[in-house]
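S.K.: Sequence first, then the predicted structure, then my questions.
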Amino acid sequence: MKYRVGIIFSKKDYSYNIDNYGKTYNLLFVTGLVGSGKSTIAKKMAKEKEITILSQDWLSWSEVYTNDKVAMEVLNEFYKICPRAQELADNNLWHKDFLSKKEKNKIRVEYNKFLIDYTLKNHNKLYIIEGIDIYRVIDSDEITSRGIIVKGTSVLKCFIRRYKRDKTDENQKNLINKIKYLIMVIKQSKKFYFRDRKKLNSLITERWNVYEKWH
């Protein structure tokens with residue numbers, strides 16, 4: 001089977017090298033499509049063991065995590081080495097057509113490198129880095145030297161979850177707003193689902209070259 005993440009039907013979650021988590025390394029990656037349940041599985045694991053979750057979302061959605069002590073502690077430390085990221089957060093510029101794709105990606109790569117270095121400085125603790133950008137901004141060797149869980153949730157199920165999760169009173173207050181919201185989610189599906197699914201599956205079966213080891 002070439003693809004691990006389906007379009008219509010969900011498959012079991014796939015993991016690589018997780019048996020060594022907590023033994024030979026202290027960092028595990030969790031990834032998947034938008035709405036696949038990355039945060040849910042990370043939180044479940046954190047309840048079973050004493051694990052600190054580090055999220056890729058903290059960088060571009062910092063305004064949502066102002067009351068999260070761990071998130072702000074990590075971000076403030078990152079801002080010391082990347083003042084540009086703090087400027088973007090303070091002025092709420094991440095979600096506006098202000099940054100070029102190249103600049104955004106450069107900061108994301110720097111942020112994720114920082115997260116990995118952060119876990120290395122605290123080698124006696126267990127960490128999970130979760131997010132959709134893991135396979136785009138972290139070198140595959142960094143991933144396979146540790147372990148990773150990929151959610152097998154299908155595109156269809158992720159789409160429905162994301163549609164329900166992001167509903168607000170504003171985008172549902174009348175029929176026109178509902179239609180606009182649906183169109184927006186459909187348009188973004190090409191980016192968040194079909195493109196990401198293709199890249200994720202390609203990395204699993206080709207670039208990581210560990211297909212037969214996944215279980």
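M.R.: The structure has been received and is ready for your questions.
S.K.: All the helices of this structure, in order from the start?
M.R.: If you assign secondary structure with DSSP state H, the helices in the chain sit at 38-48, 57-60, 69-81, 83-90, 101-121, 134-137, 140-144, 155-165, 175-189, 196-202.
S.K.: how about those helices in JSON lines, adding mean neighbour count?
M.R.: For the C-beta atoms, the positions are set from N, CA and C on the backbone; glycine is no exception. Listed next are these as JSON lines, based on neighbours: other C-beta atoms under 10 Å:
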{"stretch": "helix 38-48", "mean neighbour count": "15"}
{"stretch": "helix 57-60", "mean neighbour count": "21"}
{"stretch": "helix 69-81", "mean neighbour count": "14"}
{"stretch": "helix 83-90", "mean neighbour count": "15"}
{"stretch": "helix 101-121", "mean neighbour count": "15"}
{"stretch": "helix 134-137", "mean neighbour count": "20"}
{"stretch": "helix 140-144", "mean neighbour count": "15"}
{"stretch": "helix 155-165", "mean neighbour count": "16"}
{"stretch": "helix 175-189", "mean neighbour count": "12"}
{"stretch": "helix 196-202", "mean neighbour count": "18"}
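S.K.: okay, the ones you listed in a markdown table with mean pLDDT and distance to N17 next?
M.R.: Formatted as a markdown table, those follow (pLDDT from 0 to 100; distance: least, C-beta to C-beta, whole Å):
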| stretch | mean pLDDT | distance to N17 |
| --- | --- | --- |
| helix 38-48 | 93 | 15 |
| helix 57-60 | 94 | 24 |
| helix 69-81 | 96 | 25 |
| helix 83-90 | 93 | 30 |
| helix 101-121 | 93 | 16 |
| helix 134-137 | 84 | 14 |
| helix 140-144 | 83 | 7 |
| helix 155-165 | 91 | 25 |
| helix 175-189 | 88 | 31 |
| helix 196-202 | 83 | 17 |
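S.K.: any idea how far the residue nearest the centre of the chain is from I53?
M.R.: Central residue of the chain (C-alpha atoms, centre = their mean): G131, 1.0 Å from the mean position. Applying C-beta to C-beta, to the nearest Å, the value for G131 to I53 is 10 Å.
S.K.: how far away is V150 from Q172?
M.R.: The value you get for V150 to Q172, if C-beta to C-beta is used, is 32 Å.
S.K.: Give me the neighbour count for Q172.
M.R.: As a burial measure, Q172 scores 11 neighbours (other C-beta atoms under 10 Å).
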